[in-house]
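**Q** Fold the following, please.
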Amino acid sequence: MTAISAKASSALPNFSEGIQYFGEVLPDFETYGATPAIESGKIAIASPTEPNAVYQTLLAADALRYLTLQVTASKASGHPGGFASQAEAYASLVMLGYKNIITEVGHHAPGFYSAMFLDRSLEDMGIFTVQELRDRFREKHGLLGHLSGFIPGILAPAGPLGQGQHFAMAAALLHKDKLFPFTVGDGGLGEPYIVSAIAHFHTAYPAVTNFLPVLVWNGYSQEHHSMVSLKTNEQMQAYWQGNGFDEVVLVDAKDFDDQNQPGDYVDSTAFSFEKRLAFTQAVLSGVDKAARSALGGKLTVFIIKQLKGAGVHARGAKSHNLYPKDTLDAPHIVTALQTRALSAEAWQLVRTNAERAGGGPAAKTVVTEFEFPLPELGELPLEEYAVGGEPKVSTTAMGRLVGVVGNKDRNFLVTNADGNEASGIANINQALKIIHPTTDDLYNQAPNGQVYEPLSEDACAGLAAGLALMGARTLWCSYESFAINGLPIWQTVTQAMAELRRQTPSTITLFTAGALEQGRNGWTHQRPEIEAYFASLMRNGNVFPLFPPDANSIQACYEWALKTKNKGIVITASKSPLPIRTTLEQTRQGLRDGAVLLHEVAGDRQVVFAVIGDLTLMPVFEAAAFLETEGIGAKIVSVINPRQLYRSHDTAWDTCSEPEGGFLDDAKFAELFDGDALIAVTGGAAGMLEPILLRSTAKRDTFAWKRGETTASAGELMAFNGLTAEALTKRAIELVH
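**A** Below you'll find the predicted structure:
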């Protein structure tokens with residue numbers, strides 16, 4: 001093909017400003033490109049076997065390749081190779097009218113942006129031309145290097161591997177009449193989470209098959225051959241079948257190669273034009289078959305086998321990433337762009353089809369561009385226990401409310417990998433039932449339950465957070481010690497929520513059985529270091545770790561969390577019966593102010609205890625009682641919502657969608673925490689105390705978790721970590737003298 005400059009081409013569409021090279025009209029364009037294959041008023045091609053549909057799908061694939069390479073090369077940065085190897089599959093999905101497309105591969109971002117540009121979705125963020133597409137790529141307030149929730153038409157963020165399937169399954173569960181394809185790289189297939197998560201989901205929801213993995217089997221991962229590159233086609237098909245897939249549709253470019261390319265993975269863009277059309281025909285028909293199968297009740301995967309980097313600047317892993325040398329002026333980039341260049345007429349045809357597909361731009365049609373309708377919960381039936389009365393289990397008190405929420409909202413889902421009964425919340429299972437193919441009343445199991453229990457924190461966090469991102473209410477429950485395995489996707493979702501252009505329910509967690517309760521289980525169950533993770537995330541501005549001190553407080557915390565939007569809320573509480581120390585109204589005040597005063601006795605000098613947690617209050621109250629016998633006053637302040645104790649400028653709260661400010665002012669902070677000495681106490685990571693230590697000017701110290709050990713009781717474990725009344729008393733006296 002002879003490439004010509006933009007200046008030499010006539011009748012250029014306005015959006016093409018910034019396209020550097022235009023090509024000659026392809027063979028038979030007058031026959032198969034005369035009119036758009038997606039007719040005006042239609043949302044898809046009429047048939048995947050029509051020659052004009054096949055021809056125009058090939059044009060769309062090349063347009064995606066061209067834009068992906070030119071956009072990344074404009075910044076000499078980004079990832080064109082992986083997306084390029086499946087361009088025919090993505091183009092086929094669009095031509096067939098499917099636009100609710102997700103990816104498990106963050107490196108496919110420039111390809112997705114190119115697709116959003118072609119169907120005009122990016123006009124919602126002021127990107128109308130290819131030049132603007134280039135200018136805004138990998139720039140602030142633009143098209144960041146990996147997908148985010150900020151981009152119009154993009155359903156879900158994508159960064160770490162092994163996450164996209166959760167978003168696709170969540171969307172499929174909420175929208176059973178729509179197809180949710182998601183691209184999976186064969187490099188990412190090495191992540192254990194993807195197929196195992198699908199397997200559990202399919203067992204729990206056998207009728208929900210309207211999500212479609214699109215495996216991009218190109219032989220390479222990021223920097224080397226993929227771990228599945230030596231599998232035969234038969235072995236790959238057997239792999240998916242062995243994991244419960246009823247339909248495996250595989251299209252191998254090698255079957256169409258007429259250029260004698262070596263190896264098992266070949267580049268279809270090197271074929272003769274006739275064979276390119278034959279390959280595109282196979283992909284288009286294969287995607288159509290797979291989509292119909294998935295929508296028809298069969299667990300289905302579509303596999304496109306084609307060399308990584310097909311049609312761009314390099315092949316194999318070398319095509320994965322651009323480096324500073326890979327500029328638009330570099331000869332190998334110029335050659336690749338000129339080879340893929342389309343005529344002005346072809347560009348206009350591709351855009352028209354992209355606009356019409358699916359009923360309009362993705363930014364106007366995909367499910368995440370609309371708020372998911374939620375039933376009203378009304379006022380929750382909180383039960384207020386008498387302060388100083390009989391000790392109660394906090395988690396059980398919250399569990400009763402969770403059951404109420406689930407019965408009012410049938411889309412509500414609770415997830416837990418380690419079992420709710422072990423966390424004092426068996427009442428959730430009793431009210432909502434564990435989703436299981438075996439009905440058993442003794443174990444509260446039923447096929448139509450609302451409690452999802454895979455033995456994987458990633459799968460628990462993934463589905464719960466994914467559903468929240470898609471607009472539904474959820475609760476992820478975990479032992480604090482094990483939740484770290486699910487946090488990567490939870491963090492991905494909370495970060496996406498911070499920039500979403502729509503409201504969605506906050507993603508809420510309940511972490512129980514804190515380290516201090518787990519003496520006899522030993523250090524394997526004592527990992528409150530996770531709280532340091534949340535302490536860091538508090539500065540994001542939309543993450544709120546909550547520490548209710550008792551069974552009244554946890555109810556008020558959950559009530560508040562349910563009313564919030566676009567936030568990540570972590571409730572951490574013990575499963576032991578503990579004293580009731582607060583009223584509901586005190587916690588509501590503590591949620592606003594960050595903390596609430598529990599106890600105050602005057603003295604010649606005064607020690608302030610700022611306490612995070614519930615069990616940790618026990619040695620603190622003992623220490624205060626002893627200090628009072630010595631004439632030293634004590635204040636005990638329960639820190640319920642430490643994020644509110646930061647200063648306004650400490651967090652990025654004002655950059656978040658649904659911003660939440662209201663930080664405690666200096667006067668009120670002094671009212672709560674001023675004294676002759678301050679001792680900040682937590683049974684978890686000391687980092688959670690930072691907001692207090694930043695602002696206090698008193699002589700101060702911290703008591704916090706050090707490490708786990710096997711002990712016979714919580715008291716013995718606290719002693720091992722220095723959290724005793726004696727140690728607190730001794731340090732308090734030292735500080736005030």
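
**Q** Next, the distance between the ends of stretch 367-377.
**A** Using CA to CA, to the nearest Å, the end-to-end distance of stretch 367-377 comes to 23 Å.

**Q** same question for it, mean pLDDT?
**A** Computed over stretch 367-377, the mean pLDDT rounds to 97.

**Q** In that stretch, which residues are buried?
**A** Residues of stretch 367-377 classed as buried: V367, T368, E369, F372, L374, L377 (neighbour count, 16 or more other CB atoms under 10 Å). For every residue, glycine as well, the C-beta is placed using N, CA and C.

**Q** ok, now stretch 353-364?
**A** Neighbour counts over stretch 353-364 (16+ other CB under 10 Å) mark N353, A354, E355, R356, A357, G358, G360, P361, A362, A363, K364 as buried.

**Q** Please apply the same query to stretch 489-496.
**A** Applying 16+ other CB under 10 Å to stretch 489-496 flags I489, W490, Q491, T492, V493, T494, Q495, A496 as buried.

**Q** could you dump that stretch to CSV, C-alpha only?
**A** Provided in CSV are the C-alpha atoms of stretch 489-496 (Å, rounded to 0.1, in the frame of the first residue of the first chain):
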residue,chain,number,x,y,z
ILE,A,489,-9.2,-5.3,43.7
TRP,A,490,-10.9,-3.5,46.6
GLN,A,491,-8.4,-0.7,46.3
THR,A,492,-8.8,-0.7,42.5
VAL,A,493,-12.5,-0.1,43.0
THR,A,494,-12.2,2.5,45.7
GLN,A,495,-9.8,4.4,43.5
ALA,A,496,-12.1,4.2,40.6
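
**Q** could you redo the buried residues of stretch 353-364 as CSV and give each row secondary structure, distance to V601 and pLDDT?
**A** Putting these into CSV (DSSP: H, G, I helix; E, B strand; the rest coil; distance: CB to CB, whole Å; pLDDT from 0 to 100) gives the following:
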residue, secondary structure, distance to V601, pLDDT
N353, helix, 76, 98
A354, helix, 71, 98
E355, helix, 72, 98
R356, helix, 74, 98
A357, helix, 71, 98
G358, helix, 68, 98
G360, coil, 67, 98
P361, coil, 65, 98
A362, helix, 63, 98
A363, helix, 61, 97
K364, helix, 63, 97
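
**Q** which one among these gets closest to I101?
**A** A362 (8.1 Å; CB to CB).

**Q** gap between the closest one and L155?
**A** A362 sits at a distance of 8 Å from L155 (criterion: CB to CB, to the nearest Å).

**Q** Give me the distance between the residue lying closest to T49 once chain neighbours are set aside and I45.
**A** In space, and not counting its chain neighbours, T49 is closest to S285: 6.5 Å by CB to CB, 6 or more residues apart in numbering. Taking CB to CB as the measure, S285 falls 11 Å from I45.

**Q** between those two, who's got more neighbours?
**A** Neighbours per residue (other CB atoms under 10 Å) separate S285 from I45, with I45 holding more: 27 against 17.

**Q** mind listing the helices for the stretch 501-650 of the chain?
**A** With DSSP state H, counting those that start in this stretch, the ranges of helices along the stretch 501-650 of the chain come out as 530-537, 551-563, 584-593, 617-629.

**Q** hang on, the earlier thing: could I get the buried residues of stretch 367-377 in a markdown table, plus columns for distance to G316?
**A** As requested, those are arranged in a markdown table below (distance: CB to CB, whole Å):
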| residue | distance to G316 |
| --- | --- |
| V367 | 36 |
| T368 | 34 |
| E369 | 37 |
| F372 | 42 |
| L374 | 47 |
| L377 | 53 |
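
**Q** Which members of the residues you listed are the farthest-apart pair?
**A** Spatially, the most separated pair among the buried residues of stretch 367-377 is E369 and L377, at 24.7 Å (CB to CB).

**Q** ok, the buried residues of stretch 367-377 vs L144, which is closest?
**A** Using CB to CB, T368 comes nearest to L144 of the buried residues of stretch 367-377, at 17.1 Å.

**Q** and the residue lying closest to that closest one once chain neighbours are set aside, what element?
**A** Nearest residue to T368, sequence neighbours excluded (CB to CB, 6+ apart): L155, at 4.7 Å. Assigned by DSSP states H and E, L155 belongs to no helix or strand.

**Q** what's the answer for S285, then?
**A** Secondary structure assignment for S285, by DSSP H and E: helix 273-295.

**Q** Need the three-state assignment for the nearest residue to E421 once chain neighbours are set aside.
**A** Excluding the flanking residues, the one nearest E421 by CB to CB, 6+ apart is N429, at 6.7 Å. Classification of N429 using DSSP: H, G, I helix; E, B strand; the rest coil returns helix.

**Q** now N429: how far from G190?
**A** Between N429 and G190 the computed distance is 35 Å (CB to CB).

**Q** So which of the two has more stuff around it?
**A** In this view N429 and G190 are compared by other CB under 10 Å, and N429 has more residues nearby, 23 against 14.

**Q** What's the separation between the one residue sitting closest to the centre of the chain and D701?
**A** Centroid-nearest residue in the chain: V493, 3.4 Å away (criterion: CA atoms, centre = their mean). To D701, V493 is 36 Å away according to CB to CB.

**Q** Same check on N52?
**A** To D701, N52 is 77 Å away according to CB to CB.

**Q** same deal with S226?
**A** Relative to D701, S226 is positioned 53 Å away (criterion: CB to CB).

**Q** cool, L284 as well?
**A** With CB to CB as the criterion, L284 and D701 are 69 Å apart.

**Q** P160 too?
**A** Distance of P160 to D701, given as CB to CB: 38 Å.

**Q** if we can go back for a sec, neighbour count for S226 and D701, which is higher?
**A** Legend: neighbour count by other CB under 10 Å for S226 and D701, higher for S226 (23 against 15).

**Q** Any idea how many residues pack against the nearest residue to that one once chain neighbours are set aside?
**A** Spatial nearest neighbour of S226, excluding adjacent residues (CB to CB, 6+ apart): D186 at 4.3 Å. By the measure other CB under 10 Å, the count of residues near D186 is 26.

**Q** go on, the one 10 residues further on?
**A** Other residues within reach of S196 by the criterion other CB under 10 Å amount to 18.

**Q** ok, it to W476 distance?
**A** Distance, S196 to W476, using CB to CB: 17 Å.

**Q** Helix or strand: which one has I151?
**A** Using DSSP H and E, I151 sits within no helix or strand.

**Q** Now stretch 706-722: buried residues?
**A** Buried, per 16+ other CB under 10 Å, within stretch 706-722: G708, T710, T711, A714, G715, L717, M718, A719, F720, N721.

**Q** Just to check, E517 is in contact with P577?
**A** No: E517 is beyond contact range of P577, at 11.5 Å (criterion: CB atoms under 8 Å).

**Q** neighbour-wise, which of those two wins?
**A** E517 (22 against 13).

**Q** so what's that one up against?
**A** For E517, the contacting residues are S574, K575, S576, L615, A714, by CB atoms under 8 Å, 6 or more residues apart in numbering.

**Q** Identify the spatial nearest neighbour of the last one, chain neighbours not counted.
**A** What it means is A714. Leaving out its chain neighbours, the residue that sits closest to A714 by CB to CB, 6+ apart is L516, at 5.0 Å.

**Q** In contact with F150: list those residues for me.
**A** The contact partners of F150, by CB under 8 Å, 6+ apart, come to L144, E499, L500, R501.

**Q** which of these count as buried?
**A** L144, E499, L500.

**Q** ok, the residue nearest to the centre of the chain - contacts?
**A** With contact taken as CB under 8 Å, 6+ apart, V493 is in contact with P157, A465, G466, A468, L469, T507, G568.
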